[in-house]
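Enquirer: Below is the structure, and that's it, no one-letter string:
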């Protein structure tokens, strides 16, 4: 049987872009190479297994990273540098998107975002403690249901970006922003989860053609 060649991270990134790399391949790319006794993929897998959740890496110090078998001080510096760069990119996105000072300013931004959308799109805007925007993600596309729009995806991003607050929104392509019963139930679930994990859901905005609805303003749980 003919063997299938394994594409190395550098080759794969060159051909398809770094976004095509798995978590393990990204870490392997940053490490550059393996050690005498371990391949770079084995070292990357050990790092993932130790920290379980990639955002936990931002809290790892150089000494701690250096103690992982096959890493050492030089590779720990390369890895820490990549993590710090990612952290700064996330924080500087706040300068790009600005600050959410009011429901009205958020709604204006969202009405521009949703202009021309013919399908429902659910997005989460992640905010820091001063309501500066850290990141903005489109999480679901299509009619919202309890199985599709699940809080775990919303709060996974909040934890990834170390957000203090979340503002969620979706559009009604029909043009009528009146919340449905499904919209109200989803918002209540998100608010409840936010209270448990300590990340406030500021609002859930529904954007129509020329108007919007603020669910939390009408239903302050």
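Expert: Structure's in. What do you need? On a predicted model such as this, the values are computed, not experimentally measured, just so you know.

Enquirer: what's the offset of the strand or helix carrying residue 64 from the middle of its chain?
Expert: For residue 64, the host element (DSSP states H and E) is helix 62-66. Relative to its chain's centre, helix 62-66 lies at 26 Å (C-alpha atoms, centre = their mean, to the nearest Å).

Enquirer: Could you check it and say which residues are buried?
Expert: Neighbour-count burial for helix 62-66 flags 65-66 (criterion: 16 or more other C-beta atoms under 10 Å). Heads up, the C-betas are built off the backbone N, CA and C, glycines and all.

Enquirer: That one packs against which elements?
Expert: Counting contacts by 3 or more C-beta pairs under 8 Å, 6 or more residues apart in numbering; DSSP states H and E, helix 62-66 is packed against helix 72-97.

Enquirer: Report the mean confidence score over the helix it packs on.
Expert: Across helix 72-97, pLDDT averages out at 73.

Enquirer: Could you pull out the helices in this structure for me?
Expert: Remark: helices assigned in the chain by DSSP state H are 9-16, 23-31, 40-51, 62-66, 72-97, 103-114, 151-160, 181-197, 215-218.

Enquirer: which outside residues touch the helix holding residue 64?
Expert: For helix 62-66, contacts defined as C-beta atoms under 8 Å, 6 or more residues apart in numbering pick out 47, 71-73, 75-77, 79-80.

Enquirer: the bottom helix or strand of this protein by mean pLDDT?
Expert: Across the helices and strands of the chain, the lowest-confidence element by mean pLDDT, DSSP states H and E is helix 72-97, at a mean of 73.

Enquirer: Run through the chain and note the low-pLDDT ranges.
Expert: Applying pLDDT under 70 to the chain flags the ranges 1-6, 87, 89-98, 143-149, 218-221.

Enquirer: Find the centremost residue of it, please.
Expert: The geometric centre of the chain, computed from its C-alpha atoms, lies nearest to residue 157 (C-alpha atoms, centre = their mean), at 3.4 Å.

Enquirer: For that residue, give its distance to residue 134.
Expert: 9 Å (C-beta to C-beta, to the nearest Å).

Enquirer: list residues touching both of those two?
Expert: Residues touching both residue 157 and residue 134 by C-beta under 8 Å, 6+ apart: 126, 163.

Enquirer: picking that back up, okay, the contacts of helix 62-66 in TSV with neighbour count and distance to residue 11 next?
Expert: Formatted as TSV, the entries for the contacts of helix 62-66 read as follows, by neighbours: other C-beta atoms under 10 Å; distance: C-beta to C-beta, whole Å:
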residue	neighbour count	distance to residue 11
47	24	21
71	23	23
72	14	25
73	10	28
75	22	21
76	20	25
77	14	25
79	24	21
80	19	25
